[in-house]
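[1] Based on what follows, work out the 3D shape:
(one chain, ligands or ions: 1)
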Amino acid sequence: MYIDTHCHLHDAKLPDTDAVVSAYLKDGVEAVINMGCCAQTSVRGKELAEKYPSVYFATGCHPSDSAGFDQKEFDIIRSLASHEKCVAVGEIGLDYYWKPFDKEVQYKCFIEQIDFANSVKLPICIHNRDATGDMLKILKDNKHKLCYGGVMHCFSGSVETAAEVLKLGLHISFAGPLTFKNARSLLDVAKFVPEEMCLTETDCPYLAPHPFRGTVNQPKNVTVTTAFLANLKGREVTDFATSLSNNAKKLFYKMK
Ligand code: NI
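    The predicted structure is shown next:
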């Protein structure tokens, strides 16, 4: 019924993968997509996908890891794309929050992976932190390479930014912060984005939704954020969750 479209099961904060997987299956989460942050975590995602039927994965280099994005790293990331359970390239993007960073290095890493995703016919999972202006510019300049779509993960921008993202044909994914008590402007965004362009995720182990804020997040909590969003949209939770899962399966078309 539910799909966690962005999680990091490979993270050391979630050591007991068997328990984490059992817990989300019990709560009605049918599938999760493990996001790669570098070659090593992308390979780990593949291993998890081979072990657990409900796990899919994305391959890619996170902007905060872009300094290590060399030919060898890219070769490994690229080699995973043809795997039957590799459903996206991600997470890729820009991050001006974690310092120090080099904008040129991040642009190169991001744009090369947009090209790569387009060449292997996969959607992209986009990370954007404190870089909205440059992000929109790069996406607009590369619009012709976004044929397979993508998603702005853990969206935290304004209604205006959401409108720009939708114009590019990209989905918008909501994570735990939607449920936070100080998330006033995000509520307007959530109401604004059409249901068919909405996804939900956990980005676990980070960003646990209210009332679990501050604890180690895990995929089962995607049920909390999805129910919160259903409520905002005035929708019945089960129907809404199924509708969002269908959105995910359409975008991440390699999912079964
Ligand atoms: Ni992430």
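[2] Please make it C-alpha for all contacts and neighbour counts, starting now.
    Noted.
[3] List of residues touching the longest strand seen in the chain?
    When the chain is scanned for its longest strand (criterion: DSSP state E), the result is strand 86-95. Strand 86-95 has contacts (CA atoms under 8 Å, 6 or more residues apart in numbering) with 35-37, 46, 56-64, 80-81, 106-107, 109-110, 113, 117, 122-131, 135, 252-255.
[4] Could you rerun that using 7 Å?
    By CA atoms under 7 Å, 6 or more residues apart in numbering, the list of residues contacting strand 86-95 from outside reads 35-37, 56-64, 80, 106, 110, 117, 122-131, 135, 252, 254-255.
[5] Next, count neighbours for the spatially closest residue to Leu178 that is not a sequence neighbour.
    Nearest non-adjacent residue to Leu178, counting by CA to CA, 6 or more residues apart in numbering: Leu186, 6.2 Å away. Using other CA atoms under 10 Å, Leu186 has 20 neighbouring residues.
[6] what about Leu186, distance to Asn247?
    20 Å (CA to CA, to the nearest Å).
[7] Check Ile111 too.
    Using CA to CA, we find Ile111 at a distance of 25 Å from Asn247.
[8] Give the phi and psi angles for Asp16, as a check.
    Dihedral angles of Asp16 (phi, psi; degrees, to the nearest 10) stand at phi -100, psi 80.
[9] what's the neighbour count on it?
    Applying other CA under 10 Å, we find 10 residues neighbouring Asp16.
[10] same thing with Thr17?
    Residues contacting Thr17 under the criterion other CA under 10 Å number 14.
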